[in-house]
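Q: What follows is a predicted protein model with its sequence.
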Amino acid sequence: MAMKEISIDELNLNPVNAFDKGWAILTAGDKTGGFNGMTVSWGAMGEIWGKPAAFVFVRPQRYTLEFCEKSDYFTVSFFDGSRKKELGFFGSKSGRDYDKFKETGLTPETDGEFVYCGEAKTVLLCKKIAKTEFMPENFYDSAIEDCYTEKDYHKIFVGEIVKVLKNTDTD
């Protein structure tokens, strides 16, 4: 697993396909205080407040939310669709009950305070800059409410992309 840093300008990633088809692991926390990861297939990337940014969405019952709330950082580790079984485990099992990295054979790597998945194709290292949450009164399309039958509206974390890593083993 050889990661190299690339500039945000070198990032060649279609965010719609990366989240929807390849999936990603959102990881928050650190090796000393604990961390957790979960599969995300919803997300966004762009620019806000003059900074390159990633937007991730976490439901309130997810264990990863605790780590997103208390940590200043999170990572988004993107895959190419070849690890759906492992990412399916990350998305369906709780870190309260399982060591997801151990169970799937994926490797938690670190870069300073950041924890990410070493087998990912591309990793965004993000510093939190804002958070909010979806509220039903703000939905213009009433069909969106169908995604929230349990009224468990996502919290939204906005992170400045401070570093991009590219896996040179997967090129």
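A: Yes, it's here.
Q: all helices of the chain, in order?
A: 15-17, 64-70, 84-92, 100-104 (DSSP state H).
Q: which of the residues in the third one are buried?
A: What it means is helix 84-92. If you call a residue buried by 16 or more other Cβ atoms under 10 Å, then helix 84-92 has these buried ones: Glu86, Leu87, Phe89, Phe90, Gly91. Heads up, the C-betas are built off the backbone N, CA and C, glycines and all.
Q: The second one contacts Leu26, correct?
A: Put plainly, it is Leu87. No. Taking contacts as Cβ atoms under 8 Å, Leu87 lies outside contact range of Leu26: 11.0 Å.
Q: Need the residues touching each of the two.
A: Shared contacts of Leu87 and Leu26, defined by Cβ atoms under 8 Å, 6 or more residues apart in numbering, are found at Thr39.
Q: partner residues bridging the residue most central in space within the chain?
A: Geometric centre of the chain, nearest residue: Leu26, 2.4 Å, by Cα atoms, centre = their mean. On the basis of DSSP bridges, Leu26 is bridged to Met38, Val76.
Q: show me the contacts for it.
A: Counted by Cβ under 8 Å, 6+ apart, Leu26 has contacts Gly37, Met38, Thr39, Val40, Gly43, Val56, Val58, Thr64, Cys68, Phe74, Thr75, Val76.
Q: Just put those residues in JSON lines and tack on neighbour count, pLDDT and distance to Ile156.
A: Shown next, in JSON lines, are those (neighbours: other Cβ atoms under 10 Å; pLDDT from 0 to 100; distance: Cβ to Cβ, whole Å):
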{"residue": "Gly37", "neighbour count": "29", "pLDDT": "96", "distance to Ile156": "18"}
{"residue": "Met38", "neighbour count": "26", "pLDDT": "96", "distance to Ile156": "15"}
{"residue": "Thr39", "neighbour count": "21", "pLDDT": "95", "distance to Ile156": "17"}
{"residue": "Val40", "neighbour count": "22", "pLDDT": "95", "distance to Ile156": "12"}
{"residue": "Gly43", "neighbour count": "21", "pLDDT": "94", "distance to Ile156": "10"}
{"residue": "Val56", "neighbour count": "28", "pLDDT": "97", "distance to Ile156": "7"}
{"residue": "Val58", "neighbour count": "25", "pLDDT": "97", "distance to Ile156": "8"}
{"residue": "Thr64", "neighbour count": "25", "pLDDT": "96", "distance to Ile156": "14"}
{"residue": "Cys68", "neighbour count": "23", "pLDDT": "97", "distance to Ile156": "10"}
{"residue": "Phe74", "neighbour count": "27", "pLDDT": "98", "distance to Ile156": "12"}
{"residue": "Thr75", "neighbour count": "29", "pLDDT": "98", "distance to Ile156": "17"}
{"residue": "Val76", "neighbour count": "26", "pLDDT": "98", "distance to Ile156": "14"}
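Q: Many thanks, I have nothing further to ask.
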